[in-house]
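Peer 1: Need coordinates for the below:
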Amino acid sequence: MKQKVLNALRCEKQPTLKHIFRRTHFLVLIIALFICGSSLSVLSFFALDNYAKRNLQLIASTISYRVEAGVVFNDKSAIQDTINQLNYRDDFSDIKITNSKNIVLAELQHPSHGSFSGLEKIFNHLIFAQPASEAILHDDQRIGTVWVTGNSTFIAKFLSQVLLGLLFCLIITMISVSYFSYRTHHHVMQSLEKMTTVANLVREQRAFNLRLPHTEILELNDLSQDFNTLLDEIELWHNSLRQENDTLAHKAQHDSLTGLPNRGFFEVRLETLFNQSRDNAPLALLFFDNDRFKEINDTYGHAAGDHVLIQTAIRLQSRLRKKDFLARLGGDEFAAIIPQVHDEKDAIKIAEAILSILEDPIDLPTGHRIWIHLSIGIALSTQCTSPKELLAKADAAMYQAKQTPSSSWHFSN
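Peer 2: Numbers count the residues shown, from 1 in each chain. All right, here's what the predicted structure looks like:
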């Protein structure tokens with residue numbers, strides 16, 4: 001009792017998963033305020049830097065192809081006209097064409113103007129400190145070079161728009177974090193509750209067939225699958241253990257040769273049916289003994305004797321009803337419990353039917369044919385006060401039948 005109270009107090013002090021999610025939610029919001037502003041600006045800067053440099057290199061490659069003829073013929077006017085066609089673009093500040101001797105053949109400078117001129121100079125210095133260059137080739141020989149210096153006007157404009165939209169982004173971040181935090185808490189709690197429910201049912205009701213459903217969260221789904229795998233192994237182990245117990249119980253209660261119930265099982269069943277017969281119709285007990293079994297063993301061997309016992313069990317079973325109970329008591333002795341008989345005539349009729357089925361010979365695996373003869377002792381439960389007395393009277397009646405050559409059965413008095 002004291003331990004339960006201590007466990008309850010300990011659980012009260014421990015934070016719940018819901019409280020942990022709420023606390024984490026506020027921490028995430030605070031961190032998001034800083035990360036969204038700084039990371040968005042830095043990432044945008046580097047992304048635009050990479051884009052601008054690639055764009056400059058593409059411009060240089062295009063110009064190199066277009067001015068090749070002008071450089072070959074040293075036509076400065078044609079070269080200048082070619083680069084002047086790019087005057088409408090604002091993503092460069094200077095284009096210069098030089099020949100193989102580094103003599104400038106043509107140059108185009110883009111005017112810098114607007115409210116971002118100061119910021120542009122800073123960005124030009126940081127990003128475009130080195131111009132992009134592309135060799136002008138003719139017959140795989142270098143005849144000149146294209147130099148393109150970048151312009152950060154569009155970068156400055158973009159970053160200013162980023163700064164203006166930062167507040168809106170932070171608001172969206174707060175809403176998104178709140179929503180997904182709630183969803184995560186909901187999915188986690190739902191999965192854990194299902195797992196707890198299944199675990200309790202398995203522990204309390206041995207419901208090993210239950211399994212956890214698929215969940216949307218990968219880690220929890222993996223945990224559920226591992227839990228299901230564990231349940232599969234437990235169910236397999238439980239079924240195997242139960243099957244093994246059933247097999248051991250069957251072996252403990254049945255004869256290994258004929259498959260019939262053994263003497264121990266027979267005595268338990270006899271006591272149960274005998275007690276039931278006191279309130280219902282009486283039962284009869286038939287005790288069988290093979291008069292020639294020792295002779296068969298001595299003449300044909302023990303394998304033949306086992307074959308005779310098996311065939312005897314099969315024939316006896318074929319003449320009995322489903323509700324009758326046949327058992328091998330040991331050696332060549334069999335016994336059958338016949339419930340719900342009206343009088344001794346019913347029991348004698350069953351005994352004679354059994355004797356009729358044994359009139360046909362038994363074919364041995366060796367090819368020999370033998371005839372068997374059973375002595376049957378019959379006793380009714382109405383004549384006895386206990387199962388032991390009933391069994392003793394049937395046994396005595398069987399020995400009386402063996403001593404009477406003219407009869408194969410004897411009814412106990």
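
Peer 1: what about the helices in the stretch 201-350 of the chain?
Peer 2: Remark: helices assigned in the stretch 201-350 of the chain by DSSP state H, counting those that start in this stretch are 218-253, 263-277, 293-300, 302-318, 344-357.

Peer 1: tell me the mean pLDDT for stretch 367-379?
Peer 2: Mean pLDDT, computed over stretch 367-379, is 91.

Peer 1: Kindly export that stretch (C-alpha atoms) in PDB.
Peer 2: The C-alpha coordinates for stretch 367-379 follow below in PDB (Å, rounded to 0.1, in the frame of the first residue of the first chain):
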ATOM      1  CA  GLY A 367       0.500 -62.700 -44.800                       C
ATOM      2  CA  HIS A 368      -0.900 -65.000 -42.100                       C
ATOM      3  CA  ARG A 369      -4.600 -64.900 -41.100                       C
ATOM      4  CA  ILE A 370      -5.600 -65.400 -37.500                       C
ATOM      5  CA  TRP A 371      -8.900 -65.500 -35.700                       C
ATOM      6  CA  ILE A 372      -9.300 -63.900 -32.300                       C
ATOM      7  CA  HIS A 373     -11.800 -64.600 -29.500                       C
ATOM      8  CA  LEU A 374     -12.800 -62.100 -26.900                       C
ATOM      9  CA  SER A 375     -14.300 -62.700 -23.500                       C
ATOM     10  CA  ILE A 376     -16.600 -59.900 -22.400                       C
ATOM     11  CA  GLY A 377     -17.700 -59.100 -18.800                       C
ATOM     12  CA  ILE A 378     -20.700 -56.900 -18.400                       C
ATOM     13  CA  ALA A 379     -21.900 -54.900 -15.400                       C
END
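
Peer 1: Check the offset of that stretch from the chain's centre.
Peer 2: Centroid displacement of stretch 367-379 relative to its chain, using CA atoms, centre = their mean, to the nearest Å, is 58 Å.

Peer 1: go on, stretch 343-351?
Peer 2: With CA atoms, centre = their mean, you get 60 Å for stretch 343-351.

Peer 1: for stretch 97-104, same thing?
Peer 2: Worked out by CA atoms, centre = their mean, stretch 97-104 lies 72 Å from the chain centre.

Peer 1: give the contact list for residue 60.
Peer 2: 132-134, 146-148 (CB atoms under 8 Å, 6 or more residues apart in numbering). The way it works is simple: take the backbone N, C-alpha and C, and place the C-beta from them, glycine included.

Peer 1: Filter those residues down to just the buried residues.
Peer 2: 132, 134, 146-148 (16 or more other CB atoms under 10 Å).

Peer 1: Could you tell me which residues make contact with residue 411?
Peer 2: Applying CB under 8 Å, 6+ apart, the residues near residue 411 are 344, 347-348, 378-379, 397.

Peer 1: Turn these into JSON lines, columns for distance to residue 275 and neighbour count.
Peer 2: Shown next, in JSON lines, are the contacts of residue 411 (distance: CB to CB, whole Å; neighbours: other CB atoms under 10 Å):
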{"residue": "344", "distance to residue 275": "21", "neighbour count": "17"}
{"residue": "347", "distance to residue 275": "19", "neighbour count": "24"}
{"residue": "348", "distance to residue 275": "25", "neighbour count": "17"}
{"residue": "378", "distance to residue 275": "21", "neighbour count": "24"}
{"residue": "379", "distance to residue 275": "16", "neighbour count": "28"}
{"residue": "397", "distance to residue 275": "22", "neighbour count": "23"}
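
Peer 1: Residue 181 is nearest to which of the helices of the stretch 201-350 of the chain?
Peer 2: helix 218-253 (15.9 Å; CB to CB).

Peer 1: In the closest one, which residues are buried?
Peer 2: Buried-residue list, helix 218-253, by 16+ other CB under 10 Å: 220, 223-224, 227, 231, 235, 253.

Peer 1: Just list what it packs against, helices and strands only.
Peer 2: With contacts taken as 3 or more CB pairs under 8 Å, 6 or more residues apart in numbering; DSSP states H and E, helix 218-253 sits against helix 166-205, helix 263-277.

Peer 1: list the helices and strands the last one packs on?
Peer 2: Same thing as helix 263-277. Short answer (3+ CB pairs under 8 Å, 6+ apart): helix 263-277 packs on helix 218-253, strand 325-330, strand 333-338, helix 387-402.

Peer 1: By mean pLDDT, show me the worst of the ones you listed.
Peer 2: The lowest average pLDDT among the helices and strands packed on helix 263-277, as it happens, falls on helix 218-253, at a mean of 84.

Peer 1: and that helix, how far from the chain's centre?
Peer 2: So, by CA atoms, centre = their mean, the centroid of helix 218-253 is 13 Å from its chain's centroid.

Peer 1: for stretch 190-208, same thing?
Peer 2: With CA atoms, centre = their mean, you get 15 Å for stretch 190-208.

Peer 1: Please identify the buried residues of it?
Peer 2: For stretch 190-208, using 16+ other CB under 10 Å, the buried residues are 191, 194-195, 198, 202, 208.

Peer 1: Give me the average confidence score over that stretch.
Peer 2: On average, stretch 190-208 scores 82.

Peer 1: Equivalent analysis for stretch 14-22, please.
Peer 2: 71.

Peer 1: again, but for stretch 160-169
Peer 2: Stretch 160-169 comes out at a mean pLDDT of 73.

Peer 1: got it, and stretch 277-289?
Peer 2: Per-residue scores along stretch 277-289 average to 88.

Peer 1: Need the contact partners of it.
Peer 2: So stretch 277-289 is contacted by 270, 273-274, 316, 332-342, 344, 346-347, 350-351, 354, 374-382, 390-391, 393-395, 397-398, 402 (CB under 8 Å, 6+ apart).

Peer 1: Now that we have these, which of them are buried?
Peer 2: Buried among these by 16+ other CB under 10 Å: 270, 273-274, 316, 332-341, 344, 346-347, 350-351, 354, 374-381, 390-391, 393-395, 397-398, 402.

Peer 1: now the contacts of residue 411 as JSON lines including distance to residue 305?
Peer 2: Formatted as JSON lines, these follow (distance: CB to CB, whole Å):
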{"residue": "344", "distance to residue 305": "33"}
{"residue": "347", "distance to residue 305": "28"}
{"residue": "348", "distance to residue 305": "29"}
{"residue": "378", "distance to residue 305": "26"}
{"residue": "379", "distance to residue 305": "27"}
{"residue": "397", "distance to residue 305": "25"}
